[in-house]
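In: got a sequence here, can you model it:
(one chain, ligands or ions: 1)
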Amino acid sequence: MVDKGTKLIHKYLRHDKKFPHVWCPGCGNGIVLGALIRAIDSLGLSKDDIVLASGIGCSGRMPVYVDFNTLHTTHGRTLTFATGIKLVKPHLKVIAIMGDGDSTAIGGNHFIHAARRNLDLTAVIINNMIYGMTGGQHSPTTPYGAFTTTSSFGHIEHDFSISELAACAGASFVARGTVYHVESLDKLIRKAIEKVGFSVVEVISNCHIQYGKRNKMKDPVTMMKWLKEHAVPVEKALQMSKEDMEGKFTIGVLQDVEKPVYTEEYEKIRKQALSSKKRK
Ligand SMILES: Cc1ncc(C[n+]2csc(CCOP(=O)(O)OP(=O)(O)O)c2C)c(N)n1
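Out: All right, here's what the predicted structure looks like:
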């Protein structure tokens, strides 16, 4: 008998054409891919109705491996391509998969403005706290004091929170999960896809090769333990003091609001413009 996992592999992965993949053994990207596929499968969406877009980076390779409508674009420009597709084909579910560098360094401006406009897109951001693909340079989410190839004496910049940035910029839905908390990750991604409006799932992930090995976590298991010990469900965090939360981060749904969605407003304007053109 074929188990569910194998069925999903055959249904969704381009395993016969595009494998082997480029990811290192134990990379969190595979876990996010699994969660994304399970979320889409559980929603019963047709593969033809999904667009998975990415920029450049290890995380950016994900669309190559899945049998949806896929785009592998330029570094930092994932959301610009995703925006164009959604405006032209509003019936499609457009999902942008990005790294922390792709989304909040070179692509930072696109990210805050996509959230502000409240475009109906889902952004899944794999935050491994480093530029994985290019050799481990620091990113906007590299913690203060961490060691990377571009901060070999300890990082002197401060990191920011992708989720808080998204919430402040105006995203309708913001959630944070980790590659350790897989069951809840499936649910968070599912909720984000269901949400009409700009939805963000920040996934804290492990890059033990570029980040972990320079920061006393050289294997995936040690990094998973770190995720387990530092992630606090948002409901529990509400009961904890500021001191107890020091160095930890919340997981779960962080923002869920209803507001006018750019893509729907745009559709109204488009129809108006078409009917006034006909009248002339
Ligand atoms: C315009 C441009 N600048 C820089 C690069 C080099 N580059 C490719 S991937 C990358 C960083 C990837 O880091 P991140 O987005 O965090 O993804 P990860 O590899 O960690 O998944 C950089 C700087 C590029 N390809 N294009």
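
In: near the ligand at all, stretch 107-125?
Out: No - between stretch 107-125 and the ligand, judged by C-beta under 6 Å from any ligand atom, nothing touches; the nearest distance is 8.1 Å. No exception for glycine: its C-beta is placed from N, CA and C like everyone else's.

In: how much space is there between G28 and E258?
Out: Note on G28: its distance to E258, by C-beta to C-beta, to the nearest Å, is 32 Å.

In: give me the more crowded residue out of these two.
Out: Neighbour count, other C-beta atoms under 10 Å: between G28 and E258, G28 has more, with 27 against 10.

In: what's the burial count for the closest residue to the more buried one other than its chain neighbours?
Out: Nearest non-adjacent residue to G28, counting by C-beta to C-beta, 6 or more residues apart in numbering: S205, 3.2 Å away. By other C-beta under 10 Å, the residues close to S205 number 28.

In: before we move on, what about the one 10 residues further on?
Out: Using other C-beta under 10 Å, N215 is surrounded by 20 other residues.

In: any residue of the helix or strand containing F81 up close to the ligand?
Out: Using DSSP states H and E, F81 falls within helix 78-88. No - Helix 78-88 stays out of contact with the ligand when judged by C-beta under 6 Å from any ligand atom, the minimum separation being 9.5 Å.

In: same deal with stretch 8-25?
Out: No - against the ligand, stretch 8-25 shows no contacts by C-beta under 6 Å from any ligand atom, the least distance being 9.2 Å.

In: tell me which residues of that stretch come out buried.
Out: 12-13, 21, 23 (16 or more other C-beta atoms under 10 Å).

In: what's the answer for stretch 76-95, then?
Out: 76-83, 85-87, 92-95.

In: just the terminal-to-terminal distance for it.
Out: 15 Å (C-alpha to C-alpha, to the nearest Å).

In: hmm, who's touching it?
Out: Contact partners of stretch 76-95, identified using C-beta atoms under 8 Å, 6 or more residues apart in numbering, comprise 36, 45, 49-55, 60, 69, 71, 73, 96-98, 102-103, 105-107, 110-111, 114, 119-124, 193, 263, 266-267.

In: returning to what we had before: let's see the helix holding F81 as PDB, backbone CA atoms only.
Out: Output in PDB follows, covering the C-alpha atoms of helix 78-88 (Å, rounded to 0.1, in the frame of the first residue of the first chain):
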ATOM      1  CA  THR A  78       9.600  37.900  -5.900                       C
ATOM      2  CA  LEU A  79       6.700  40.100  -4.800                       C
ATOM      3  CA  THR A  80       6.900  42.300  -7.900                       C
ATOM      4  CA  PHE A  81       6.400  39.200 -10.100                       C
ATOM      5  CA  ALA A  82       3.700  37.800  -7.800                       C
ATOM      6  CA  THR A  83       1.900  41.200  -7.800                       C
ATOM      7  CA  GLY A  84       1.800  41.300 -11.600                       C
ATOM      8  CA  ILE A  85       0.400  37.800 -11.900                       C
ATOM      9  CA  LYS A  86      -2.300  38.400  -9.300                       C
ATOM     10  CA  LEU A  87      -3.400  41.600 -10.900                       C
ATOM     11  CA  VAL A  88      -3.700  39.900 -14.300                       C
END
